[in-house]
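J.: pasting a predicted model and its sequence here:
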Amino acid sequence: MIMNMKRYQMTTLAFQKVKKIWQKQFRWSKNRLQIRKFWYELLQKGVTELRDVGNVPDVYSQNMLLENENKNLKKELKHYKQAADKAREDLLKTQKVRDFHRMHHKRTVQEKNKLINDLKGLKLHYASYEPTIRVLHEKHHTLLKQKMLTSLERDRAVGQIYGLQETLKHMEIGHSSHAPEIRVAPNCEKENAPEGPTQKGLREAREQNKRKTKMKVNKKDSEFPTDMQPNPNLSLCKENICPAKFDYKLNNILRLHKLPVSCIVVHPHKDILVSCGEDRVWKVVGLPRGNVLLTGLGHTDWLSDCCFHPSGNKLATASGDTTVKLWDLFKGSCISTFEGHTHAVWSCTWHSCGDFVASSSLDTTSKIWDVNSERCRYTLYGHTDSVNSIEFFPYSNILLTGSADKTLSVWDARTGKCEQSLYGHMHSINDATFTPRGHVIASCDACGVTKLWDFRKLSPIVSIDVGPSPGNEVNFNSSGRVLAQASGNGVIHLLDLKSGQIHKLMGHESEAHTVVFSHDGETLFSGGSDGTVRMWS
C-alpha cells in the first residue's frame, strides 16, 4: 500500500512537470512575435548586444527544406522511371536485333560450310586436270622451242643458199673468162680407158693435197674486213626512226633467275630476248608472253654479259669463270670456249662481220678472239685497272673500252693498239656504249654520273649527275634520242638528249643491273638483283 502511494505521487509530479513544460512552450509560441519585437527594441536601445549564438533551429524552415528535397527526389524518380522505360525498350530492340543477327550468322555459317565442301570438291576436280595441263604445257613449250629452232635453221639455210648462188656466179664468170676451150676427138674415149698405177698415184696425191689445203683454209685466221658495210642507221630518214617515248608503265614481271640478272639482250631480227644471271644460266625468252624457249648451262661461275651474233644464230657469253663461250642457238649447245683471261670476264661483243669476238676482263686486259681459228688474235694492254666494258663501233674495226681506272680508250682491232684515251670521269666507269649512228658515246660511273662524248671530236659534250647511286648500264633506243640508265637504287633514268629532261621509272624493289630497248622503242626491258626481268610499255 505504501509502495503504491509512492508510485502515485511520483506519477503525479511527473505529469505536473510535463504540464508546466507544455504551458511554457505554448506561451512561447503564442508570444513569439512579441518576444521578437521586444528583442529588436532592446537591440536599438543598446541594452543588449547581438552575439553569434549559431543557428537557431526552426522546425518550419526545416520542414520546408524537407518538402523541397522531397519534391526534387520525386522529380528525379520520375526522370529515372522514364529513363528505365526507354532503356527497357532499347533492350527489347537490341534483343530483337541480336536474334536476327544470330539467325543470319547461323545461315552464313551453313553457307560457309557448304562453300568449303564445294571448294574441296573443286580442288579434287582440279587435281585430276593438273597432270593433263602439265603435259600440255610441256608440249606447248617443246613446240615453241621447235618453232624457234626451225626458224633459225631456215635463216641459216637461206644464208647458205645465197652464199652458194654467189659462189656459182663467180665460178661461172671465172670459167667463161679464164678456162681454155677443150676439144675431144670423137674417137677418143678417155673416160673408159683403164687407169694406170702412175695416174692412180697422181690422182690420190692430188686428192690428199686438196684435203690438206681445205684443212688449212678452215684453220686459217679470219681477215678483218677492209671494205666495211656502211652503217644503215645513217641513211634512215626521220619518218623511219622510232619516236621518243618516256611514258613507260610496268607491264609484266618475269621471274627467270634465282640470283640477280646481269645482262639482257634483244635478238636482232626476232621477238625474243636472252637474259643472263648470276645463277650460271642463260635463258631465251619469247615475247611478249615471256615464256622460256631455251635454257643454257655450261659455265661454272656467274654470267656477266652476253651478245648476239649479227645473224642472230649464235650467242656469246662472258663469265666469272674467266672464259667466253659461243653457243649455237639452233642446237642449244656450246660450240667454242675461249680461255686466256686470268680473272673474271666482264663484257663481250661481236664484230659486225661475225668472225671476231672481243672481251674485257678484271685482269686489266681485253682480248680479240678469232671465231674461225678459235684463238686469241690480240691482247689489248693499257688500262691500269679492271676493264668493265667493251663494244665495237657499229660496222667498223674500232673498239671502245671503259675501265675502273676512270678512262675510256679507243682501239684499232686490226693492230691491237690504243688510238685515243678519254679522261673526265672521277670514279670507276661501269659501262660505255655508242649511239646506233655511232657519233655519240655514253658512259656511266660508280657514283651515278653519266657523260656524253662526241666521238668525231673525241671531246666531252655534257655531264649528268643522277647519283649518288651507281650507274650500272646505259643504252640508247634505236633513234639515239633517248638514253636509259639502270641505277643502283632501282630507278631507271630516261634522258631526253633533245630537251635535256630526265624521266624516272620506279618499279624495281632492289638494285637495277641492266636495261635495253626493243627495236621499235615501244618496250623497255630491265633486270634487277631480285632475279626478275621487268617489261615496260
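T.: Noted; the coordinates are in hand.

J.: pretty sure residue 516 sits in a helix.
T.: No. The assignment for residue 516 by DSSP: H, G, I helix; E, B strand; the rest coil gives strand, which leaves it out of any helix.

J.: I figured it hits residue 265, correct?
T.: Yes. With contact defined as Cβ atoms under 8 Å, residue 516 counts as touching residue 265 (6.6 Å). In this view, the C-beta of every residue, glycine as well, is placed from N, C-alpha and C.

J.: give me the common contacts of these two.
T.: In the contact map built from Cβ atoms under 8 Å, 6 or more residues apart in numbering, the residues linked to both residue 516 and residue 265 are residue 273.

J.: break this structure into its domains for me.
T.: By the record's domain assignment, the chain is partitioned as 102-156, 245-536 (automatic domain parsing).

J.: out of those, which one sits most buried?
T.: Burial of these is given as mean neighbour count (mean count of other Cβ atoms under 10 Å); domain 245-536 ranks first at a mean of 19.

J.: re earlier: can you tell me which of the domains of the chain the model trusts least?
T.: Mean pLDDT per stretch puts domain 102-156 lowest among the domains of the chain, at a mean of 83.

J.: in the protein, which spans are helices?
T.: Remark: helices of the chain, listed N- to C-terminal, are 2-30, 32-45, 59-178, 197-218; assignment by DSSP state H.

J.: would you single out the least confident of the ones you listed?
T.: The minimum mean pLDDT among the helices of the chain belongs to helix 197-218 (a mean of 50).

J.: picking up where we left off before, same list, the domains of the chain, but as JSON lines with distance to residue 84 please.
T.: As requested, the domains of the chain are arranged in JSON lines below (distance: least, Cβ to Cβ, whole Å):
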{"stretch": "domain 102-156", "distance to residue 84": "26"}
{"stretch": "domain 245-536", "distance to residue 84": "62"}
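
J.: in the sheet, who's paired with residue 367?
T.: In this structure, residue 367 has beta-bridge partners residue 359, residue 379, where bridges are defined by DSSP bridges.

J.: any idea how far it is from residue 318?
T.: 11 Å (Cβ to Cβ, to the nearest Å).

J.: shared neighbours, the two?
T.: With contacts defined as Cβ under 8 Å, 6+ apart, the residues adjacent to both residue 367 and residue 318 are residue 359.

J.: how about the contacts made by residue 353?
T.: Applying Cβ under 8 Å, 6+ apart to residue 353 gives the contacts 222, 224, 225, 310.

J.: ok, for the last one, nearest residue in space, not its chain neighbours?
T.: Excluding the flanking residues, the one nearest residue 310 by Cβ to Cβ, 6 or more residues apart in numbering is residue 354, at 5.0 Å.

J.: doesn't residue 312 make contact with the one you found?
T.: No. Using Cβ under 8 Å, residue 354 is not in contact with residue 312, being 10.3 Å away.

J.: now residue 529: how far from residue 260?
T.: When residue 529 is compared with residue 260 (using Cβ to Cβ), they lie 4 Å apart.

J.: common neighbours of those two, please.
T.: Taking Cβ under 8 Å, 6+ apart as the contact rule, the neighbours common to residue 529 and residue 260 are 511, 513.

J.: starting at the chain centroid, how far to stretch 406-413?
T.: Stretch 406-413 has its average C-alpha position 32 Å from the chain's average C-alpha position, going by Cα atoms, centre = their mean, to the nearest Å.

J.: what's in contact with it?
T.: Here stretch 406-413 makes contact (Cβ under 8 Å, 6+ apart) with 224, 351, 356, 358, 366, 368, 378, 380, 382-383, 392, 397-403, 417-423, 425-429, 432, 441, 443, 445, 453, 458.

J.: and which of the contacts of residue 353 is nearest residue 152?
T.: Each of these was checked against residue 152 using Cβ to Cβ; the closest is residue 310, at 13.8 Å.

J.: from residue 140, how far off is the closest one?
T.: Distance of residue 310 to residue 140, computed by Cβ to Cβ: 31 Å.

J.: now swap in residue 97 and tell me
T.: When distances are taken as Cβ to Cβ, residue 97 and residue 140 turn out to be 57 Å apart.
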